[in-house]
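Chemist: sequence below, structure please.
(2 chains)
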Amino acid sequence: MDFDDTPEEAIFRREVRAFLNTHASPKSPSSRGLRRRFIRDAADLAAAKAWQGKKAAAGFAAITWPKDLGGRGGTAIEQVIYNQEEADFDVQRGAFEIGLGMCVPTLMKYGKPQQLKRYVAPALRGEEIWCQLFSEPSAGSDLAGLRTRAVRDGDDWVINGQKIWTSGAHFCDFGIIVTRTDPNAQKHAGLTFFFLDMKSKGVEVRPIKQISGAANFNEVFFADVRIPDEQRLGAVGDGWKVSLTTLMNERLAVGDNTGPAVEDLVDLARGLDLDDAPALRNGAVREKLADWFVQSQGVKLTKFRTMTALSRGQTPGPEASITKLVSAKQGQDIAAFAVDLLGMAGAVTDTELSPMHAWFQQAVLQAPGLRIAGGSDEILRNIIAERVLGLPADVRVDKDVPFNALPTGAR
Amino acid sequence: MNFDFSDDMKLLREEARRFLAERSSSKQVRLVLDGKTDFDRALWQSMAELGWLGIAVPTDFGGSDLGYEALCILAEEVGRACASVPFSSSVYLATEALVLAGTPEQKRAWLPKLVSGKAIATFALAEGAGNPSARKIKCVERDGRLSGTKWPVADGAMADFAVVVAQSADGTPSLYLVDLTASGVTRAPLQTLDPARPHFKLTFDSVPAERLSLDGRGWDNIVKFIERAAIVMAFEQLGGADACLASATAYAKERYAFGRPIGSFQAIKHKLADMYVGNELARSNAYWGAWALTKNAAELPLAAASARVSATQAYDFAAKESLQTHGGMGMTWETDCHLFVRRSTILSGALGTTSFWKDRIVTSLEMRNAP
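Modeler: Down below sits the predicted model:
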């Protein structure tokens, strides 16, 4: 048992580091709270595209994709190694994770050869960005309850309805969308999957202002939007099956807590007084620090176990399912604890006055989103219980009933 | 990345699991719980024959020399079976103390006997309430004779000798080898929450005591030794926690209420999912400990404390919530839930509670993160 790379992995890691050292700057403690995790404006978007272009030119944009589609033809462990190394560098993120992590892989599985030829390479180079049009106002955790309609009209389909929580839709060029084509069928059976140009006539994107004040995701409205049948992915009525391909990649794309971690809290406590003594000497503070260290170390080491399976060419075990569940909640708890530790000034978000550019305060308003995105805490617990522990599925009132006969509540 | 046990080790785990499922069922554990016998002697003898009592002991002393990963794996399975044997006391405490800090003569005299099961030993640290602390050691050695009181000491009555922590004449805490059959030793049984693992109060009245080598001298060395044992104990706790999850999951599938298996209710599902999460975090931290133990890594203190805290928390949660999942049946003597509640409680105190280990974690972090 060890944490060492195999000789091949070590060579690859050196290559990655050389690339990153040449083209990017390492993260520094002083940049905490200022890191570029979201796209805020045109400058951020340009920076993200430029970085993606460099990655693609160096062959690091999609390590596991086949070479003929512009990938590296590498292994899953190499992708993990790349991600590990890039995480130590301060590069603009937030534009390509969903498109390259979820949308284009779905296209690659169900698209026609000429479509792959047209779309995959520009996406890899960062020239075209993709979004995922799944959730709806009445279909979040219960995605299959979606209502956006697609109706066949000659060689086209006509789309009407609304999607929501669509990250990046305001700067995306293309989207993948799942729609209802047969409301008389049982709810999972009446769905069909497409991709579309986000500039199509009838598509309207409205940014949603979040509790943090930022607007990273959107509502997207469809009014008689025409999509050629050519752009259907999978058979009519097979939309649920295609969606699962996308969702299988989701938790990898959403990623973990990017907010303050326990080590940042140690640094905060080091510089603070609590009850006229250093906060780091306080028993209650130490107790919490130890709890979070053990938990975050557990998550990190669990990922190493997953990596080990990949490194050995095996399928990772179910333990990978715990990492987002644990780290999202921990991020929220650490943020709240830090604000509490700052006492009467805890709520101050002034980046000059609050430690680490008010990173902990920002996290109070950002962390809740991570507990909801990419499978809420509650859905993840259901998944662990049913798929890992083999507990029976919940009693369902929406099976074996036509979709349009289901109770809907007020909405 | 190679952060998992090898296939050979996984095979050992499967063998150990099968063997203990058969030989240490709850029926056997209950013989000790009910006071019919003091420990499972037949099982202990079989474990000796399998080479388990000297799994990490060099072959020079009759051991199997399979290393610390193997020792950790066996501890996990002993924990899963809730076995009533002095595995912690004799194998990963006293035997390890001799391996690490025994003089060549002491090793030659005792290790072959411990490995073959001809002798049993234990470790005597606690002197009543409190966590490990040099200040709390009141047992003293003067001119080769040891006096004082130790309690609770696991397996104190069946052990032939004990490795005892006592202050030497110059006030340095040190490890001593004490023959428990010598005159001047009193061994009084103690009532504890886990009668399936008998504990005792040992009183020493000027009893001959042999000091271990310099590696067993000084509080820092003693703590190092405790850290190493805590990693193995984390595996024993992890095995118990996994047994609780398995038992609660099986019950939730077969028990019906309101016309459906209780495991189909989210209240139960989420509880069991949380148990799984706790156990997997503990497993990952325990593996870190096993790695540190095998490589004698510089991170051993932090890995040991993390493994210990994670395992104690996981076992505590799993034992309580498994009982809760079993409803009223969990409160009966007949159902096995209480065996694990008992074992988790006694193990979380042995070698210091989480407050002791958490403080060590933060001390490590302070040094590691120092500006």
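Chemist: and the nearest residue to A:His357 once chain neighbours are set aside, what is it in contact with?
Modeler: Nearest non-adjacent residue to A:His357, counting by Cβ to Cβ, 6 or more residues apart in numbering or on different chains: A:Gly33, 3.1 Å away. In this view, the C-beta of every residue, glycine as well, is placed from N, C-alpha and C. For A:Gly33, the contact set (Cβ atoms under 8 Å, 6 or more residues apart in numbering or on different chains) comprises A:Thr351, A:Met356, A:His357, A:Ala358, A:Trp359, A:Gln362.
Chemist: run the last query once more with 6 Å
Modeler: Counting by Cβ atoms under 6 Å, 6 or more residues apart in numbering or on different chains, A:Gly33 touches A:Met356, A:His357, A:Trp359.
Chemist: can you map out the strands along the chain?
Modeler: No chain specified, so I'll use chain A. Secondary structure of chain A (DSSP state E): strands located at A:130-133, A:149-153, A:156-167, A:174-180, A:191-197, A:203-208, A:217-228, A:232-233, A:273-274, A:277-278.
Chemist: actually, chain B is the one I wanted.
Modeler: Under DSSP E, chain B gives strands at B:121-124, B:140-142, B:145-154, B:161-167, B:173-179, B:185-190, B:199-211, B:256-257, B:260-261.
Chemist: check the gap between the residue in the stretch 101-250 of chain B that chain A sits nearest to and B:Val29 for me.
Modeler: Residue of the stretch 101-250 of chain B nearest chain A, by Cβ to the nearest Cβ: B:Thr249 (5.1 Å). Per Cβ to Cβ, to the nearest Å, B:Thr249 is found 21 Å from B:Val29.
Chemist: how deep is the spatially closest residue to A:Pro137 that is not a sequence neighbour tucked in, by neighbour count?
Modeler: Once flanking residues are discounted, A:Pro137 sits nearest to A:Ile164: 5.5 Å by Cβ to Cβ, 6+ apart. Around A:Ile164 there are 20 other residues, counting by other Cβ atoms under 10 Å in any protein chain shown.
Chemist: picking up where we left off before, closest to chain B among the contacts of A:Gly33?
Modeler: For the contacts of A:Gly33, the nearest to chain B is A:Met356 (13.8 Å; Cβ to the nearest Cβ).
Chemist: coming back round to it: what distance do you get for the residue lying closest to the residue of the stretch 101-250 of chain B closest to chain A once chain neighbours are set aside to A:Ile177?
Modeler: Leaving aside its sequence neighbours, B:Thr249 sits nearest to A:Leu389 (Cβ to Cβ, 6+ apart; 5.1 Å). According to Cβ to Cβ, A:Leu389 and A:Ile177 sit 34 Å apart.
Chemist: tell me which of these two has more neighbours.
Modeler: Neighbours were counted for A:Leu389 and for A:Ile177 using other Cβ under 10 Å; A:Ile177 has more, 27 against 21.
Chemist: touching, that one and A:Leu133? I think so.
Modeler: Yes. At 4.0 Å, A:Ile177 counts as touching A:Leu133 under the criterion of Cβ atoms under 6 Å.
Chemist: now do the helices in the stretch 1-150 of chain A.
Modeler: For the stretch 1-150 of chain A, applying DSSP state H, counting those that start in this stretch gives helices covering A:7-23, A:42-58, A:76-86, A:97-98, A:104-110, A:113-124.
Chemist: distance to B:Gly63, mean pLDDT and mean neighbour count added to those helices, as CSV?
Modeler: Below are the helices of the stretch 1-150 of chain A laid out as CSV (distance: least, Cβ to Cβ, whole Å; pLDDT from 0 to 100; neighbours: other Cβ atoms under 10 Å in any protein chain shown):
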stretch, distance to B:Gly63, mean pLDDT, mean neighbour count
helix A:7-23, 33, 96, 15
helix A:42-58, 52, 95, 17
helix A:76-86, 36, 90, 19
helix A:97-98, 52, 90, 20
helix A:104-110, 52, 95, 20
helix A:113-124, 57, 96, 16
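Chemist: any idea which of the strands of chain B gets closest to A:Arg37?
Modeler: A:Arg37 sits nearest to strand B:260-261 of all the strands of chain B, at 42.5 Å, using Cβ to Cβ.
Chemist: shaky segments in the stretch 251-371 of chain B?
Modeler: Across the stretch 251-371 of chain B, the ranges flagged by pLDDT under 70 are B:369-371.
Chemist: hmm, try it at 80
Modeler: By pLDDT under 80, the weakly predicted segments of the stretch 251-371 of chain B are B:368-371.
Chemist: what residues does it put near chain A?
Modeler: Contact residues (Cβ under 6 Å from any Cβ of the partner chain) of the stretch 251-371 of chain B with chain A: B:260-261, B:263-264, B:269-270, B:272-273, B:276-277, B:280-281, B:284-285, B:288, B:291, B:306, B:309-310, B:358, B:361-362, B:365, B:369.
Chemist: what subset of these is buried?
Modeler: B:261, B:263-264, B:269-270, B:272-273, B:276-277, B:280-281, B:284-285, B:288, B:291, B:306, B:309-310, B:358, B:361-362, B:365 (16 or more other Cβ atoms under 10 Å in any protein chain shown).
Chemist: ok, the nearest residue to B:Arg360 once chain neighbours are set aside - contacts?
Modeler: Excluding the flanking residues, the one nearest B:Arg360 by Cβ to Cβ, 6+ apart is B:Ala305, at 4.5 Å. By Cβ under 6 Å, 6+ apart, the contact set of B:Ala305 is B:Trp357, B:Arg360, B:Ile361.
Chemist: many thanks, we can stop here.
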